[in-house]
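A.B. asks: 3D, please:
(one chain, ligands or ions: 1)
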Amino acid sequence: MNSDNRFEAFQQYIDSEEKIEPKDWMPDEYRLHNIRQISQHAHSEVIGMQPEGNWITRAPSLRAKKILLAKIQDEGGHGLYLYSAAETLGITRDELIEQLHSGKAKYSSVFNYPTLNWADIGAIGWLVDGAAVTNQLSLRRTSYGPYSRAMMRICNEESFHQRQGYEIMAKMATGTPEQHAMAQSAIDRWWWPALMMFGPHDNDSPRTSNGLRWKIKRAGNDELRQRFIDKTVPQAEVIGLKIPDPRLRWNEETQHYEIGPINWDEFHRVVRGEGPCNSQRMAHHKHWHAEGAWVREAAAAYAARHNTNPVRV
Ligand code: BYC
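C.D. replies: Reported below is the predicted structural model:
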(Lines give C-alpha, C1' and ligand atoms only; values in the text may rest on other atoms or scores of the structure.)
Protein backbone atom coordinates (compact mmCIF):
# COMPACT_ATOMS: atom_id res chain seq x y z
CA MET A 1 0.00 0.00 0.00
CA ASN A 2 1.49 3.38 -0.90
CA SER A 3 1.36 6.07 1.74
CA ASP A 4 -1.64 7.95 0.25
CA ASN A 5 -3.67 4.76 0.34
CA ARG A 6 -2.68 4.21 3.93
CA PHE A 7 -4.10 7.58 4.97
CA GLU A 8 -7.26 6.92 2.98
CA ALA A 9 -7.71 3.44 4.46
CA PHE A 10 -7.15 4.88 7.95
CA GLN A 11 -9.84 7.53 7.41
CA GLN A 12 -12.27 4.93 6.04
CA TYR A 13 -11.65 2.76 9.07
CA ILE A 14 -12.43 5.72 11.35
CA ASP A 15 -15.50 6.63 9.29
CA SER A 16 -16.86 3.12 9.73
CA GLU A 17 -16.75 3.68 13.53
CA GLU A 18 -13.98 1.12 14.15
CA LYS A 19 -11.66 1.80 17.08
CA ILE A 20 -7.95 2.41 16.51
CA GLU A 21 -5.86 0.22 18.82
CA PRO A 22 -2.26 0.80 19.99
CA LYS A 23 -0.63 -1.59 17.52
CA ASP A 24 -2.61 -0.35 14.50
CA TRP A 25 -0.90 1.91 11.97
CA MET A 26 -1.90 5.54 12.50
CA PRO A 27 -0.69 8.86 11.06
CA ASP A 28 1.74 10.69 13.33
CA GLU A 29 -0.63 13.67 13.53
CA TYR A 30 -3.37 11.40 14.89
CA ARG A 31 -0.99 9.94 17.47
CA LEU A 32 0.26 13.37 18.58
CA HIS A 33 -3.26 14.85 18.71
CA ASN A 34 -4.30 12.03 21.03
CA ILE A 35 -1.22 12.34 23.22
CA ARG A 36 -1.92 16.06 23.62
CA GLN A 37 -5.59 15.69 24.43
CA ILE A 38 -5.36 12.58 26.62
CA SER A 39 -2.40 13.89 28.60
CA GLN A 40 -4.07 17.28 29.07
CA HIS A 41 -7.08 15.40 30.32
CA ALA A 42 -4.93 13.27 32.70
CA HIS A 43 -3.15 16.35 34.07
CA SER A 44 -6.54 18.03 34.63
CA GLU A 45 -7.76 15.08 36.69
CA VAL A 46 -4.65 15.13 38.87
CA ILE A 47 -4.28 18.91 39.28
CA GLY A 48 -8.05 19.02 39.85
CA MET A 49 -7.53 17.11 43.10
CA GLN A 50 -5.88 20.17 44.65
CA PRO A 51 -8.78 22.65 45.01
CA GLU A 52 -10.91 19.94 46.64
CA GLY A 53 -8.07 18.43 48.70
CA ASN A 54 -7.86 21.81 50.38
CA TRP A 55 -11.17 21.03 52.17
CA ILE A 56 -10.65 17.45 53.39
CA THR A 57 -9.57 18.56 56.85
CA ARG A 58 -12.40 21.12 57.06
CA ALA A 59 -15.35 19.05 55.82
CA PRO A 60 -18.38 19.84 58.02
CA SER A 61 -19.19 16.21 59.02
CA LEU A 62 -17.65 12.75 58.98
CA ARG A 63 -20.06 11.76 56.19
CA ALA A 64 -19.03 14.78 54.10
CA LYS A 65 -15.36 14.02 54.71
CA LYS A 66 -15.67 10.36 53.68
CA ILE A 67 -17.51 11.31 50.49
CA LEU A 68 -14.97 14.00 49.61
CA LEU A 69 -12.02 11.65 50.22
CA ALA A 70 -13.57 8.99 47.98
CA LYS A 71 -14.33 11.53 45.27
CA ILE A 72 -10.82 12.95 45.21
CA GLN A 73 -9.40 9.44 45.13
CA ASP A 74 -11.60 8.72 42.10
CA GLU A 75 -10.07 11.73 40.31
CA GLY A 76 -6.57 10.37 40.99
CA GLY A 77 -7.70 7.04 39.51
CA HIS A 78 -8.99 8.81 36.40
CA GLY A 79 -5.59 10.42 35.98
CA LEU A 80 -3.95 6.99 36.17
CA TYR A 81 -6.21 5.37 33.53
CA LEU A 82 -5.60 8.33 31.24
CA TYR A 83 -1.81 8.36 31.70
CA SER A 84 -1.86 4.64 30.89
CA ALA A 85 -3.94 5.30 27.75
CA ALA A 86 -1.48 8.02 26.66
CA GLU A 87 1.49 5.69 27.26
CA THR A 88 0.08 3.21 24.71
CA LEU A 89 0.83 5.90 22.09
CA GLY A 90 4.59 5.64 22.67
CA ILE A 91 5.32 8.28 25.28
CA THR A 92 6.53 7.56 28.82
CA ARG A 93 4.98 8.71 32.07
CA ASP A 94 8.17 10.64 32.85
CA GLU A 95 7.92 12.52 29.56
CA LEU A 96 4.26 13.35 30.23
CA ILE A 97 5.05 14.75 33.67
CA GLU A 98 8.03 16.67 32.30
CA GLN A 99 5.71 18.30 29.71
CA LEU A 100 3.35 19.34 32.52
CA HIS A 101 6.17 20.78 34.63
CA SER A 102 7.76 22.66 31.74
CA GLY A 103 4.41 24.19 30.76
CA LYS A 104 4.37 22.45 27.36
CA ALA A 105 1.28 20.46 28.36
CA LYS A 106 -1.83 22.22 29.59
CA TYR A 107 -4.46 21.28 32.15
CA SER A 108 -7.99 22.61 32.45
CA SER A 109 -8.20 26.33 33.18
CA VAL A 110 -10.93 25.75 35.78
CA PHE A 111 -8.52 24.32 38.36
CA ASN A 112 -6.69 27.64 38.68
CA TYR A 113 -9.47 29.15 40.80
CA PRO A 114 -9.50 29.00 44.62
CA THR A 115 -12.03 27.15 46.83
CA LEU A 116 -13.03 29.80 49.36
CA ASN A 117 -15.89 28.18 51.27
CA TRP A 118 -17.52 24.75 51.69
CA ALA A 119 -20.12 25.54 49.01
CA ASP A 120 -17.25 25.69 46.50
CA ILE A 121 -16.90 21.92 46.98
CA GLY A 122 -20.55 21.59 46.01
CA ALA A 123 -20.03 23.92 43.04
CA ILE A 124 -17.05 21.88 41.80
CA GLY A 125 -19.02 18.63 41.92
CA TRP A 126 -22.17 20.10 40.41
CA LEU A 127 -20.68 22.47 37.81
CA VAL A 128 -17.12 21.29 37.13
CA ASP A 129 -17.84 17.55 37.20
CA GLY A 130 -21.16 18.34 35.49
CA ALA A 131 -19.34 20.10 32.64
CA ALA A 132 -16.69 17.38 32.54
CA VAL A 133 -19.21 14.57 32.27
CA THR A 134 -21.12 16.36 29.51
CA ASN A 135 -17.90 16.41 27.50
CA GLN A 136 -16.82 12.92 28.52
CA LEU A 137 -20.11 11.23 27.66
CA SER A 138 -19.39 12.19 24.07
CA LEU A 139 -15.75 11.06 24.41
CA ARG A 140 -16.89 7.50 25.23
CA ARG A 141 -17.25 7.22 21.44
CA THR A 142 -13.80 8.66 20.69
CA SER A 143 -11.94 6.70 18.01
CA TYR A 144 -8.87 5.71 20.04
CA GLY A 145 -9.77 2.45 21.84
CA PRO A 146 -7.86 2.89 25.14
CA TYR A 147 -9.17 6.47 25.55
CA SER A 148 -12.73 5.40 24.80
CA ARG A 149 -12.60 2.54 27.31
CA ALA A 150 -11.13 4.79 30.02
CA MET A 151 -14.04 7.19 29.41
CA MET A 152 -16.67 4.49 30.04
CA ARG A 153 -15.54 3.99 33.60
CA ILE A 154 -14.74 7.64 34.25
CA CYS A 155 -18.23 8.74 33.17
CA ASN A 156 -19.92 6.41 35.65
CA GLU A 157 -17.92 7.95 38.47
CA GLU A 158 -18.24 11.55 37.26
CA SER A 159 -22.02 11.43 37.12
CA PHE A 160 -21.98 10.31 40.75
CA HIS A 161 -19.63 13.23 41.54
CA GLN A 162 -22.03 15.62 39.86
CA ARG A 163 -24.85 14.41 42.09
CA GLN A 164 -22.81 14.65 45.30
CA GLY A 165 -21.97 18.26 44.40
CA TYR A 166 -25.60 19.07 43.71
CA GLU A 167 -26.58 17.53 47.05
CA ILE A 168 -24.18 19.87 48.87
CA MET A 169 -25.46 22.88 46.94
CA ALA A 170 -29.12 21.95 47.47
CA LYS A 171 -28.56 21.59 51.22
CA MET A 172 -26.80 24.93 51.50
CA ALA A 173 -29.09 26.81 49.14
CA THR A 174 -32.12 25.76 51.18
CA GLY A 175 -30.40 26.18 54.57
CA THR A 176 -29.90 29.33 56.67
CA PRO A 177 -29.61 32.73 54.91
CA GLU A 178 -25.84 32.58 55.51
CA GLN A 179 -25.59 29.13 53.90
CA HIS A 180 -27.72 30.31 50.98
CA ALA A 181 -25.37 33.29 50.51
CA MET A 182 -22.34 30.96 50.49
CA ALA A 183 -23.99 28.76 47.83
CA GLN A 184 -24.84 31.82 45.71
CA SER A 185 -21.28 33.13 46.07
CA ALA A 186 -19.94 29.76 44.89
CA ILE A 187 -22.12 29.65 41.75
CA ASP A 188 -21.24 33.32 41.07
CA ARG A 189 -17.55 32.40 41.01
CA TRP A 190 -17.69 28.97 39.31
CA TRP A 191 -20.35 29.42 36.62
CA TRP A 192 -18.21 31.18 34.02
CA PRO A 193 -15.04 29.14 34.61
CA ALA A 194 -17.18 25.99 34.18
CA LEU A 195 -18.43 27.28 30.79
CA MET A 196 -14.82 28.01 29.78
CA MET A 197 -13.87 24.38 30.41
CA PHE A 198 -15.44 23.51 27.04
CA GLY A 199 -12.79 25.58 25.27
CA PRO A 200 -13.09 28.50 22.82
CA HIS A 201 -16.00 28.93 20.41
CA ASP A 202 -15.81 26.50 17.46
CA ASN A 203 -14.79 29.25 15.04
CA ASP A 204 -11.81 30.01 17.29
CA SER A 205 -10.84 26.42 18.10
CA PRO A 206 -7.85 25.36 15.97
CA ARG A 207 -7.95 21.69 17.05
CA THR A 208 -11.62 20.99 16.43
CA SER A 209 -11.44 20.33 12.71
CA ASN A 210 -8.90 17.47 12.95
CA GLY A 211 -10.46 16.32 16.20
CA LEU A 212 -13.83 15.84 14.51
CA ARG A 213 -12.38 14.45 11.27
CA TRP A 214 -10.56 11.72 13.18
CA LYS A 215 -13.52 11.29 15.56
CA ILE A 216 -11.25 11.98 18.53
CA LYS A 217 -13.82 14.64 19.44
CA ARG A 218 -17.44 13.67 18.80
CA ALA A 219 -18.99 17.13 19.16
CA GLY A 220 -17.83 20.73 18.94
CA ASN A 221 -17.07 22.89 21.99
CA ASP A 222 -20.18 25.06 21.56
CA GLU A 223 -22.59 22.15 21.20
CA LEU A 224 -21.32 20.55 24.40
CA ARG A 225 -21.35 23.87 26.28
CA GLN A 226 -24.97 24.40 25.20
CA ARG A 227 -25.96 20.92 26.41
CA PHE A 228 -24.46 21.72 29.79
CA ILE A 229 -26.21 25.10 30.04
CA ASP A 230 -29.59 23.65 29.06
CA LYS A 231 -29.50 20.99 31.72
CA THR A 232 -27.90 23.07 34.49
CA VAL A 233 -30.04 26.25 34.45
CA PRO A 234 -33.23 24.41 35.54
CA GLN A 235 -31.24 22.63 38.28
CA ALA A 236 -30.22 26.03 39.68
CA GLU A 237 -33.85 27.20 39.61
CA VAL A 238 -35.03 24.16 41.57
CA ILE A 239 -32.75 25.02 44.50
CA GLY A 240 -33.33 28.78 44.30
CA LEU A 241 -29.92 29.87 43.02
CA LYS A 242 -29.45 32.59 40.44
CA ILE A 243 -27.20 32.07 37.40
CA PRO A 244 -24.81 35.08 37.40
CA ASP A 245 -25.67 36.18 33.86
CA PRO A 246 -28.08 39.12 33.35
CA ARG A 247 -28.37 38.19 29.64
CA LEU A 248 -29.48 34.60 30.27
CA ARG A 249 -32.80 33.88 28.59
CA TRP A 250 -34.82 30.95 27.25
CA ASN A 251 -35.29 31.04 23.50
CA GLU A 252 -38.66 29.47 22.72
CA GLU A 253 -37.80 29.15 19.05
CA THR A 254 -34.50 27.28 19.40
CA GLN A 255 -35.56 25.58 22.66
CA HIS A 256 -32.19 26.52 24.15
CA TYR A 257 -30.93 29.02 26.73
CA GLU A 258 -28.97 31.97 25.41
CA ILE A 259 -26.15 33.41 27.47
CA GLY A 260 -24.18 36.65 27.61
CA PRO A 261 -20.62 36.89 26.25
CA ILE A 262 -17.90 34.74 27.80
CA ASN A 263 -14.83 36.64 28.98
CA TRP A 264 -12.25 35.08 26.65
CA ASP A 265 -9.53 37.49 27.84
CA GLU A 266 -9.83 35.94 31.26
CA PHE A 267 -9.75 32.43 29.73
CA HIS A 268 -6.55 33.15 27.77
CA ARG A 269 -4.92 34.78 30.79
CA VAL A 270 -5.62 31.74 32.94
CA VAL A 271 -4.43 29.31 30.22
CA ARG A 272 -1.24 31.40 29.88
CA GLY A 273 -0.53 30.81 33.57
CA GLU A 274 -1.83 34.09 34.97
CA GLY A 275 -4.89 32.81 36.85
CA PRO A 276 -5.31 33.21 40.62
CA CYS A 277 -3.80 29.80 41.51
CA ASN A 278 -1.65 28.66 38.52
CA SER A 279 1.70 29.05 40.24
CA GLN A 280 0.43 27.49 43.48
CA ARG A 281 -0.97 24.45 41.61
CA MET A 282 2.26 23.81 39.70
CA ALA A 283 4.52 24.41 42.72
CA HIS A 284 2.46 21.93 44.73
CA HIS A 285 2.62 19.29 42.00
CA LYS A 286 6.37 19.70 41.51
CA HIS A 287 7.05 19.55 45.25
CA TRP A 288 5.05 16.35 45.85
CA HIS A 289 6.30 14.72 42.66
CA ALA A 290 9.87 15.21 43.93
CA GLU A 291 8.87 13.94 47.39
CA GLY A 292 7.49 10.78 45.75
CA ALA A 293 10.72 9.94 43.92
CA TRP A 294 11.67 7.28 46.50
CA VAL A 295 8.35 5.47 45.90
CA ARG A 296 8.99 5.31 42.17
CA GLU A 297 12.56 4.11 42.76
CA ALA A 298 11.40 1.43 45.19
CA ALA A 299 8.72 0.22 42.75
CA ALA A 300 11.25 0.06 39.90
CA ALA A 301 13.75 -1.82 42.11
CA TYR A 302 11.05 -4.30 43.16
CA ALA A 303 10.05 -4.82 39.54
CA ALA A 304 13.66 -5.37 38.45
CA ARG A 305 14.20 -7.90 41.22
CA HIS A 306 10.99 -9.83 40.56
CA ASN A 307 11.14 -9.43 36.82
CA THR A 308 7.69 -7.79 36.61
CA ASN A 309 6.50 -4.52 35.13
CA PRO A 310 7.18 -1.63 37.47
CA VAL A 311 4.15 -0.75 39.55
CA ARG A 312 2.84 2.51 38.14
CA VAL A 313 3.04 5.28 40.71
N1 BYC B 1 -8.27 24.86 29.72
O2 BYC B 1 -8.81 23.98 19.67
P3 BYC B 1 -9.30 23.77 21.05
C4 BYC B 1 -12.35 16.60 35.81
C5 BYC B 1 -6.69 24.77 24.87
S6 BYC B 1 -11.04 16.99 34.78
C7 BYC B 1 -7.00 24.89 29.25
O8 BYC B 1 -10.77 23.86 21.27
P9 BYC B 1 -9.40 20.93 21.66
C10 BYC B 1 -12.22 16.84 37.25
C11 BYC B 1 -6.54 23.55 23.99
O12 BYC B 1 -5.81 22.53 24.65
C13 BYC B 1 -11.66 16.73 33.18
N14 BYC B 1 -6.72 24.84 27.91
O15 BYC B 1 -8.72 22.38 21.62
C16 BYC B 1 -11.04 16.61 37.91
C17 BYC B 1 -5.78 24.15 22.81
O18 BYC B 1 -4.41 24.35 23.16
P19 BYC B 1 -3.23 23.38 22.61
C20 BYC B 1 -11.11 17.71 32.18
C21 BYC B 1 -7.79 24.73 27.09
O22 BYC B 1 -8.42 20.00 22.26
C23 BYC B 1 -10.93 16.90 39.26
C24 BYC B 1 -6.38 25.53 22.72
O25 BYC B 1 -6.91 25.84 23.99
N26 BYC B 1 -11.65 17.35 30.88
O27 BYC B 1 -13.35 16.15 35.37
O28 BYC B 1 -9.99 20.59 20.34
C29 BYC B 1 -12.02 17.44 39.96
C30 BYC B 1 -7.46 25.62 21.67
O31 BYC B 1 -8.61 24.80 22.03
C32 BYC B 1 -9.10 24.68 27.52
C33 BYC B 1 -10.86 17.26 29.77
O34 BYC B 1 -9.68 17.47 29.81
C35 BYC B 1 -9.34 24.75 28.91
N36 BYC B 1 -10.57 24.75 29.43
O37 BYC B 1 -10.66 21.11 22.68
C38 BYC B 1 -13.21 17.64 39.30
C39 BYC B 1 -11.56 16.84 28.51
N40 BYC B 1 -9.93 24.59 26.45
O41 BYC B 1 -3.43 22.04 23.29
C42 BYC B 1 -13.34 17.33 37.95
C43 BYC B 1 -10.65 16.40 27.38
C44 BYC B 1 -9.14 24.59 25.37
O45 BYC B 1 -3.41 23.31 21.14
N46 BYC B 1 -10.30 17.48 26.49
N47 BYC B 1 -7.85 24.67 25.75
O48 BYC B 1 -1.97 24.06 23.05
C49 BYC B 1 -11.13 17.94 25.53
O50 BYC B 1 -12.24 17.49 25.37
C51 BYC B 1 -10.59 19.02 24.61
O52 BYC B 1 -9.18 19.00 24.68
C53 BYC B 1 -11.13 20.45 24.96
C54 BYC B 1 -10.44 21.47 24.04
C55 BYC B 1 -12.63 20.49 24.74
C56 BYC B 1 -10.81 20.82 26.40
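A.B. asks: Residue numbers of the stretch 51-200 of the chain in contact with the ligand?
C.D. replies: By the rule Cβ under 6 Å from any ligand atom, the part of the stretch 51-200 of the chain lying against the ligand is 75, 106, 108-109, 124, 128-129, 132, 135, 158, 196-200. All C-beta atoms are positioned from the backbone trio N, CA, C, and that covers glycine.
A.B. asks: Can you report phi and psi for the closest residue to Met182 other than its chain neighbours?
C.D. replies: Distances taken as Cβ to Cβ, 6 or more residues apart in numbering place Ala119 nearest to Met182, at 4.3 Å, with adjacent residues excluded. Dihedral angles of Ala119 (phi, psi; degrees, to the nearest 10) stand at phi -60, psi -20.
A.B. asks: Now do the contacts for Ala119.
C.D. replies: Ile168, Met169, Met172, Gln179, Met182, Ala183, Ser185, Ala186 (Cβ atoms under 8 Å, 6 or more residues apart in numbering).
A.B. asks: I'd like to know how many residues surround the closest residue to the fourth one other than its chain neighbours.
C.D. replies: Think Gln179. Distances taken as Cβ to Cβ, 6+ apart place Met172 nearest to Gln179, at 4.3 Å, with adjacent residues excluded. Neighbours of Met172 under the rule other Cβ atoms under 10 Å: 26.
A.B. asks: circling back: measure the residue nearest to Met182 to the ligand for me?
C.D. replies: 15 Å (Cβ to the nearest ligand atom, to the nearest Å).
A.B. asks: do the same with Asp28
C.D. replies: Distance, Asp28 to the ligand, by Cβ to the nearest ligand atom: 16 Å.
A.B. asks: And that residue, how far from Phe7?
C.D. replies: According to Cβ to Cβ, to the nearest Å, Asp28 and Phe7 sit 11 Å apart.
A.B. asks: now Pro22: how far from the ligand?
C.D. replies: From Pro22 to the ligand the distance is 19 Å (Cβ to the nearest ligand atom).
A.B. asks: Is the residue nearest to Gln179 in contact with Glu178, as I believe?
C.D. replies: No - using Cβ atoms under 8 Å, Met172 makes no contact with Glu178, being 9.3 Å away.
A.B. asks: for Phe267, what are its contacts?
C.D. replies: Shown in contact with Phe267 (Cβ under 8 Å, 6+ apart): Ser109, Met196, Pro200.
A.B. asks: Which ones among these lie within helices?
C.D. replies: Residues of the contacts of Phe267 located in helices (DSSP state H): Met196.
A.B. asks: Of the contacts of Phe267, just the buried ones, PyMOL syntax please.
C.D. replies: Buried residues among the contacts of Phe267 (16 or more other Cβ atoms under 10 Å), as a PyMOL selection:
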select buried, resi 109+196+200
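A.B. asks: quick one: which of the contacts of Phe267 is nearest to the ligand?
C.D. replies: Nearest to the ligand out of the contacts of Phe267 is Ser109 (Cβ to the nearest ligand atom; 3.6 Å).
A.B. asks: Would you mind measuring from the closest one to Asn203?
C.D. replies: In terms of Cβ to Cβ, Ser109 sits 19 Å off from Asn203.
A.B. asks: re earlier: quick one, which of the residues of the stretch 51-200 of the chain next to the ligand has the minimum pLDDT?
C.D. replies: The lowest pLDDT within these belongs to Glu158, with 91.
A.B. asks: so what secondary structure elements neighbour the helix or strand encompassing that residue?
C.D. replies: Assigned by DSSP states H and E, Glu158 belongs to helix 145-173. Contacts defined by 3 or more Cβ pairs under 8 Å, 6 or more residues apart in numbering; DSSP states H and E place helix 145-173 against helix 62-87, helix 118-123, helix 130-139, helix 177-196.
A.B. asks: Which neighbouring elements make contact with the third one?
C.D. replies: So that's helix 130-139. helix 145-173, helix 177-196, helix 221-238.
A.B. asks: What average pLDDT does stretch 8-28 get?
C.D. replies: 97.
A.B. asks: Identify the residues contacting that stretch?
C.D. replies: 1, 6-7, 30, 88-89, 143-146, 148, 213-215.
A.B. asks: Just send the residues you listed back as TSV, with distance to Ile97 too.
C.D. replies: Shown next, in TSV, are the contacts of stretch 8-28 (distance: Cβ to Cβ, whole Å):
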residue	distance to Ile97
Met1	37
Arg6	33
Phe7	32
Tyr30	23
Thr88	17
Leu89	16
Ser143	26
Tyr144	21
Gly145	24
Pro146	19
Ser148	24
Arg213	30
Trp214	26
Lys215	28
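A.B. asks: Mind telling me the two of the residues you listed farthest from one another?
C.D. replies: Farthest-apart pair in the contacts of stretch 8-28 is Met1 and Ser148; separation 25.8 Å (Cβ to Cβ).
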